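A.B. asks: 3D model of this:
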Amino acid sequence: MILGTSTKSSGRSIGSARASFGPRDMLKRRNTPAPANRSQVLPLEGEIDLHLSPRIAASLAEMITKKPPQIVVDLSRVTYIDSSGLAVFIEAMQSVEKYGGKFAIVGMQATVRSIFEIARLDQVFRIFPDLEAASVAA
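C.D. replies: Here you go, the predicted model:
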């Protein structure tokens with residue numbers, strides 16, 4: 001689930017992820033403003049799986065079209081990610097790097113970190129403990 005503030009919550013449940021803003025949407029989204037020296041942040045929540053990955057990909061694609069200097073995905077409230085979610089992040093990272101931006105992931109819980117480590121993606125992504133650390137490294 002993508003967290004956000006600009007839309008109303010429907011409270012609909014899909015598996016362990018709670019829907020947040022419309023009868024057909026399973027995501028809620030908030031991008032922090034991206035002035036020239038700031039990052040855009042995509043906070044996620046719940047389980048990232050085959051059902052949610054396309055919507056996360058669409059949200060990231062929309063962010064990427066704005067070409068911010070850094071896109072940060074906040075996984076601090078994510079409890080699980082499958083291969084479809086990992087693929088979305090790999091594609092987003094490649095797109096961001098193509099225009100010269102930076103892609104970072106922050107706030108991984110131990111269970112999610114172990115999935116990245118098993119796939120050896122902890123050696124591919126820029127991973128930080130929190131938003132502040134990612135901002136300093138930008």
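A.B. asks: Got phi/psi on residue 45?
C.D. replies: phi -150, psi 150 (degrees, to the nearest 10).
A.B. asks: partners of it in the sheet?
C.D. replies: Taking DSSP bridges as the rule, residue 45 bridges to residue 77.
A.B. asks: And stretch 45-60, what's buried?
C.D. replies: Across stretch 45-60, burial judged by 16 or more other C-beta atoms under 10 Å covers 45-49, 52-53, 55-57, 59-60. C-beta here means a position set from N, CA and C on the backbone, and glycine is covered the same way.
A.B. asks: ugh, wrong one, stretch 96-115
C.D. replies: 96, 101-108, 112, 115.
A.B. asks: Let me see the contact set for the residue most central in space within the chain.
C.D. replies: In the chain, the centroid-proximal residue (C-alpha atoms, centre = their mean) is residue 73; its distance is 3.5 Å. Each residue near residue 73 by C-beta atoms under 8 Å, 6 or more residues apart in numbering is listed here: 41-42, 44, 60, 89, 92, 103-106.
A.B. asks: Going by distance to residue 122, which of the residues you listed wins?
C.D. replies: residue 105 (9.5 Å; C-beta to C-beta).
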